[in-house]
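# have a look; sequence and predicted model below, questions after that.
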Amino acid sequence: MTNQSIAGKRSLRSILTTVLALVLIVATFATPALADVFGSYDVVIADNGESITVTTNETEPIEILNAAGIVLDSDDKIDISAFRQGEGGTIAIDRRNTINIEVDGSIQDFDVYADTVGEALNECGITIHSGDKLTYDLSAPVKDGMVIGIKTAFSVSLYADGSKTKLAIVEGTVGDLLALAGVELGADDYTKPSVDTPLEKNMKVKVYRVEYKEIKATEAIPFSTKKINDSTMTQGKTKVITQGADGSREATYKVRYVNGKEKERTLQSSVVLTEPVQKVIKVGTKKIEGAESVKPNGVKSRNGLTVGQKISGRYTHYCACATCNGNSRGITSSGKRIRNGMSNPYYIACNWLPLGSVLRVNGHNYTVVDRGGSRLSRRGYIDIFTPEGHRACYRYGTGSCNITIVRLGW
């Protein structure tokens, strides 16, 4: 029994030894695989605006990139400020790209490391203002050889609905400007310049709002005047026979307003309420006696007297007889001859006006041709010659008169 027990123990020990050897062999071959599992980590690679995530157990950034199949050029740069060996993070690749920037038709090339168009413009020192138009979004990735077109906006002033607005726009017409500002035109509204006018820098665009209203108004109908010639009245004299009176009507107008101000009104209809009364005037056609002798001499004033001046005066009459003149020779102070029985020459004598002066006295023109006594030196006093003789002087007598100076001297 003892031998059997020892044999059994030896057999068990042999089996355990074999198992332990197998475990060691398995452990030896499994160690690298376990190391791969427990030593790997995730790394984000940001390459020119595009990102990928890789799982790696490499610790050097270049090895990580090589393992990911990413090749760097000699001018490319990597940023590992956000990367931690054995932990993860981000490896950013800044690739050098040559881009072309065209500004309002002028093009220039730049070498940039930016990932997006916005970053590239900033790297090139180009500022984009509100209203500028780009061929790419600012967030678009940069690609080698790309052409970024920029149209710079210019300022245009818009006057509409009582306010002024300055807008930035790169191109278009006045109509495009209105659309940008959200300003709509009514059927009758208009702009200056017109909506199809191309926009220019510092242009001023004005919107004119047009509306129509119908209004009613009571208006006067002006009376007309009828003139009737009267040969019994001296020229320049008039006499009203019938006083005129305005009528009235109710008028309906179509009124056009531009920006709230009336610009035009068109009569649509009218109803007469009261008829006007015509004014009738008699007009004298009788020629002013002596008027043909009045010839202007250019003198406007003399000795305090002026042409056109009106004076209240007194008149007397004289004839060519020796009683009136002291002799019957009929020679006046001016050399003009007078005689009784001649056609009336319309002469007067006075001392306060120069010889040759013409006065209008009660509708007749008289020429100063003679002098008289001291009484005639008083302003307004005149002596009227009558060729009808001495008795006519008494018949015509004396009286007050209205005098207008027509001419001063010859």
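Everything's here; your move. From a predicted model like this one, the values you see are computed outputs, not experimental measurements.

# ranges for the helices of the stretch 251-400 of the chain?
For the stretch 251-400 of the chain, applying DSSP state H, counting those that start in this stretch gives helices covering 322-325, 390-396.

# give me the neighbour count for L353.
By other C-beta atoms under 10 Å, the residues close to L353 number 22. (Glycine included, C-beta is placed from N, CA and C.)

# now swap in K204 and tell me
Close neighbours of K204, defined as other C-beta under 10 Å, add up to 11.

# all strands of the stretch 151-300 of the chain, in order?
154-160, 163-169, 190-192, 204-208, 210-221, 225-234, 238-242, 247-258, 261-274, 279-286 (DSSP state E, counting those that start in this stretch).

# include distance to V299 and mean pLDDT when you put those strands into a markdown table, please.
Conversion of the strands of the stretch 151-300 of the chain to a markdown table gives the following (distance: least, C-beta to C-beta, whole Å; pLDDT from 0 to 100):
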| stretch | distance to V299 | mean pLDDT |
| --- | --- | --- |
| strand 154-160 | 61 | 95 |
| strand 163-169 | 63 | 94 |
| strand 190-192 | 58 | 97 |
| strand 204-208 | 59 | 97 |
| strand 210-221 | 46 | 96 |
| strand 225-234 | 26 | 90 |
| strand 238-242 | 30 | 93 |
| strand 247-258 | 49 | 97 |
| strand 261-274 | 52 | 96 |
| strand 279-286 | 29 | 90 |
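
# can you put the ones you listed in JSON lines and add distance to I311?
Listed next are the strands of the stretch 151-300 of the chain as JSON lines, based on distance: least, C-beta to C-beta, whole Å:
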{"stretch": "strand 154-160", "distance to I311": "64"}
{"stretch": "strand 163-169", "distance to I311": "66"}
{"stretch": "strand 190-192", "distance to I311": "62"}
{"stretch": "strand 204-208", "distance to I311": "61"}
{"stretch": "strand 210-221", "distance to I311": "41"}
{"stretch": "strand 225-234", "distance to I311": "19"}
{"stretch": "strand 238-242", "distance to I311": "23"}
{"stretch": "strand 247-258", "distance to I311": "43"}
{"stretch": "strand 261-274", "distance to I311": "46"}
{"stretch": "strand 279-286", "distance to I311": "23"}
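
# among these, which is nearest I403?
strand 225-234 (15.6 Å; C-beta to C-beta).

# got a list of contacts for that closest one?
Strand 225-234 is contacted by residues 239, 241, 244, 278-288, 363 when judged by C-beta atoms under 8 Å, 6 or more residues apart in numbering.

# from G373, how far out is the closest residue in space to R378 that isn't next to it in sequence?
Excluding the flanking residues, the one nearest R378 by C-beta to C-beta, 6 or more residues apart in numbering is W352, at 7.0 Å. With distances taken as C-beta to C-beta, to the nearest Å, W352 is found 13 Å from G373.

# neighbour-wise, which of those two wins?
Higher neighbour count among W352 and G373: W352, with 17 against 10, using other C-beta under 10 Å.

# sorry, back to before: of all the strands of the stretch 151-300 of the chain, which lies closest to D79?
Per C-beta to C-beta, nearest to D79 of the strands of the stretch 151-300 of the chain: strand 163-169, 36.2 Å.

# partner strands of the closest one, with direction?
According to DSSP bridges, strand 163-169 forms sheet pairs with strand 154-160 (antiparallel).

# what are the contacting residues of the partner strand?
Residues contacting strand 154-160 (C-beta under 8 Å, 6+ apart): 164-170, 177-178, 181, 183, 199-207.

# my guess is S312 meets S400, correct?
Yes. With contact defined as C-beta atoms under 8 Å, S312 reaches S400; the gap is 6.9 Å.

# please enumerate the shared neighbours of the two.
By C-beta under 8 Å, 6+ apart, no residue touches both S312 and S400.
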